[in-house]
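Visitor: just coords:
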């Protein structure tokens, strides 16, 4: 039984593993823009930080047209914008709106050749229900793009909390044949979530907490809330992932995901995502069992220090004694998260309840600091970078510990860029990651793209946001931007 596992039993002492570099509603939990914009600060002398442009409100995704090199970005309320540089300075021009594609909460966007894929959520039943939706646009040099519906899901219950994550991150398979789509949990940690009485007794379902794989040329699919049918159709790629708001392939065509954990003090996972694997949600997150699965658990921060008193899930009593919590499916084996060997983002809460640092204890964590909200995962797939950056990965942390009541017990750091050096561990058939902070003091970063040796990062704001350009050590970008 999972209950018999010791917390962090999946961890491997960092000192035993040699490190070598290997050959990647609001959209996020802390989407509040600071009153005054700060300028990111490089923590290395060989990284240059510049303001690229200002963007409008609620910007979420940043992407590059692979054939033209043009930047596009999308907004949470359905806007799609192209960045026009013909006049010298970059200027956003709106290309599409929610009225065009029908996605009221747009969270996923990616190019595959000349095709733009958009994915998100459609409110139904007077806002009490939801349908996932993906569309495909053929982007032309001029004229209105042509739209094809890739899929809609059947209706299922949304809820009135901050924990309904919906359909969001997209990635294209290296051969261009498939689109991977993340669908986040509709709960914090697997609890019942109705919507003020609608959809009673609803927890997560066959259309949530998974990564789907959809043929890139699919048309007018309807995805059912039926696990057996979805598996038979080849649509479900991986299960048990709470909310992988970013997924990306590395230079060796392996798929990775960074995941937001619950309001419990779980670490934030990074997974090597493999077909048919189950990653534990809602029974395990961050290498720690979810205690609500045990019918005799009585939640109380006085006796369980992993419950933050400031957590929304505690305030509204989503942590509860729950004898009807679903059992682990028979025969399912969980795949562990990638273990972080430090030196950064590896704080955790130990057995005694004390906050510890893996650098001091020799313990690895799965994977990043609790409540840090990792986003914007990218890899140097083309080997354009140099030194220890070549072929490696990068990820943003959206939360800032100094301003987050739940993250602050672990660190004042956050809203930074982490460098990820991945090492395969054959004994565990999984990866270790050496994690190092390299840029600090972002405002509210949500996404990133790498163009040659230039990393562009977009920030969310309720009024306006920014795109920053980071020049990293390596070859010159394939297309210089003004």
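Guide: Alright, I've got the coordinates. All of these numbers come straight from a predicted model, not from anything done at the bench.

Visitor: residue 254 against residue 272, yeah?
Guide: Yes: with contact defined as Cβ atoms under 8 Å, residue 254 counts as touching residue 272 (6.2 Å). All C-beta spots, glycine's among them, are computed from the backbone N, C-alpha and C.

Visitor: hmm, who's touching stretch 134-142?
Guide: For stretch 134-142, contacts defined as Cβ atoms under 8 Å, 6 or more residues apart in numbering pick out 65, 96, 101-103, 108, 111, 114-119, 145-151, 167, 179, 181, 214, 216.

Visitor: please repeat the previous calculation with a cut-off of 7 Å.
Guide: Residues outside stretch 134-142 that contact it (Cβ atoms under 7 Å, 6 or more residues apart in numbering) are 65, 101, 114-119, 145-151, 181, 214.

Visitor: three-state assignment of residue 292?
Guide: For residue 292, the assignment made with DSSP: H, G, I helix; E, B strand; the rest coil gives helix.

Visitor: from residue 392, how far off is it?
Guide: Separation of residue 292 from residue 392 (Cβ to Cβ, to the nearest Å) stands at 37 Å.

Visitor: okay, and which of the contacts of stretch 134-142 map to helices?
Guide: residue 101 (DSSP state H).

Visitor: ok, of the contacts of stretch 134-142, which come out buried?
Guide: Neighbour-count burial (16 or more other Cβ atoms under 10 Å) is assigned, among these, to 101, 115-119, 145, 147, 149-151, 181, 214.

Visitor: so residue 314 is in which element?
Guide: Using DSSP states H and E, residue 314 sits within helix 312-315.

Visitor: and that helix, what's buried?
Guide: For helix 312-315, the buried set under the neighbour-count rule, 16+ other Cβ under 10 Å, comprises 313-314.

Visitor: tell me the first helix or strand C-terminal of it.
Guide: Counting by DSSP H and E, the next helix or strand C-terminal to helix 312-315 is strand 339-343.

Visitor: OK, contacts around the spatially most central residue of the chain?
Guide: Taking Cα atoms, centre = their mean, the centroid of the chain lies closest to residue 245, which sits 2.2 Å from it. Going by Cβ under 7 Å, 6+ apart, residue 245 touches 168-169, 260, 375.

Visitor: among the buried ones among the contacts of stretch 134-142, name the ones in strands.
Guide: 115-119, 147, 149-151, 181, 214 (DSSP state E).

Visitor: how about the strands in the stretch 351-482 of the chain?
Guide: Shown for the stretch 351-482 of the chain, the strands assigned by DSSP state E, counting those that start in this stretch span residues 355-357, 374-379, 393-397, 417-425, 430-440, 445-451, 454-459, 465-471.

Visitor: count residues in the vicinity of the closest residue to residue 234 other than its chain neighbours, would you?
Guide: Among residues not flanking residue 234 along the chain, residue 213 sits closest, at 7.1 Å (Cβ to Cβ, 6 or more residues apart in numbering). Using other Cβ atoms under 10 Å, residue 213 has 18 neighbouring residues.

Visitor: who does residue 213 bridge with?
Guide: residue 180 (DSSP bridges).

Visitor: that one against residue 183, yeah?
Guide: No: using Cβ atoms under 7 Å, residue 213 is not in contact with residue 183, being 11.9 Å away.

Visitor: mind naming the longest helix for this structure?
Guide: helix 227-232.

Visitor: off-centre distance for it?
Guide: Computed by Cα atoms, centre = their mean, to the nearest Å, the chain-centroid distance of helix 227-232 equals 24 Å.

Visitor: next: stretch 93-113.
Guide: Mean C-alpha position of stretch 93-113 versus that of the full chain (Cα atoms, centre = their mean) differs by 19 Å.

Visitor: need the contact partners of that stretch.
Guide: By Cβ under 7 Å, 6+ apart, the list of residues contacting stretch 93-113 from outside reads 25, 27, 60-61, 63, 65-67, 74-82, 84, 116-123, 133, 135, 147, 166-172, 176, 181, 216.

Visitor: which pair in the ones in strands among the buried ones among the contacts of stretch 134-142 spans the largest distance?
Guide: Across those, no pair lies farther apart than 147 and 181, at 17.2 Å, counting by Cβ to Cβ.

Visitor: next up, phi/psi of residue 62, please.
Guide: Dihedral angles of residue 62 (phi, psi; degrees, to the nearest 10) stand at phi -120, psi 130.

Visitor: beta partners for it?
Guide: For residue 62, the beta-bridge partners are residue 73 (DSSP bridges).

Visitor: my read: it touches residue 446, true?
Guide: No: Residue 62 is beyond contact range of residue 446, at 8.2 Å (criterion: Cβ under 7 Å).

Visitor: any shared contact partners between these two?
Guide: residue 458.

Visitor: higher neighbour count, the two?
Guide: Shown here are residue 62 and residue 446; by other Cβ under 10 Å, residue 446 has more neighbours (29 against 22).

Visitor: ok, residues contacting stretch 119-127?
Guide: Contacts for stretch 119-127 (Cβ under 7 Å, 6+ apart): 102-108, 130-134, 155, 166-167, 170, 181.

Visitor: try it again at 6 Å.
Guide: With Cβ atoms under 6 Å, 6 or more residues apart in numbering as the test, stretch 119-127 has contacts from 103-108, 130-131, 133-134, 155, 166-167, 170, 181.

Visitor: now, among the buried ones among the contacts of stretch 134-142, which is nearest to residue 410?
Guide: Ranked by distance to residue 410 (Cβ to Cβ), the buried ones among the contacts of stretch 134-142 are led by residue 181 at 31.0 Å.

Visitor: can you tell me how far the residue nearest to the closest one when sequence neighbours are not counted is from residue 179?
Guide: With sequence-adjacent residues excluded and distances taken as Cβ to Cβ, 6+ apart, residue 181 is closest to residue 212, at 4.7 Å. Going from residue 212 to residue 179 by Cβ to Cβ gives 8 Å.

Visitor: can you list which of the contacts of stretch 93-113 are found in strands?
Guide: Among the contacts of stretch 93-113, DSSP E puts 60-61, 63, 74-75, 80-82, 84, 116-123, 133, 135, 147, 167-172, 181 in strands.

Visitor: and residue 248, its phi and psi?
Guide: According to degrees, to the nearest 10, residue 248 has phi -160, psi 150.

Visitor: tally of neighbours for it?
Guide: Residues near residue 248, counting by other Cβ under 10 Å, number 24.

Visitor: so it touches residue 376, yeah?
Guide: No: when contacts are counted by Cβ atoms under 6 Å, residue 248 is not listed as touching residue 376 (9.3 Å).

Visitor: which residues does the closest residue to residue 158 other than its chain neighbours bridge with?
Guide: Spatial nearest neighbour of residue 158, excluding adjacent residues (Cβ to Cβ, 6+ apart): residue 130 at 4.0 Å. Using DSSP bridges, the bridge partners assigned to residue 130 are residue 123, residue 156.

Visitor: many thanks, have a good one.
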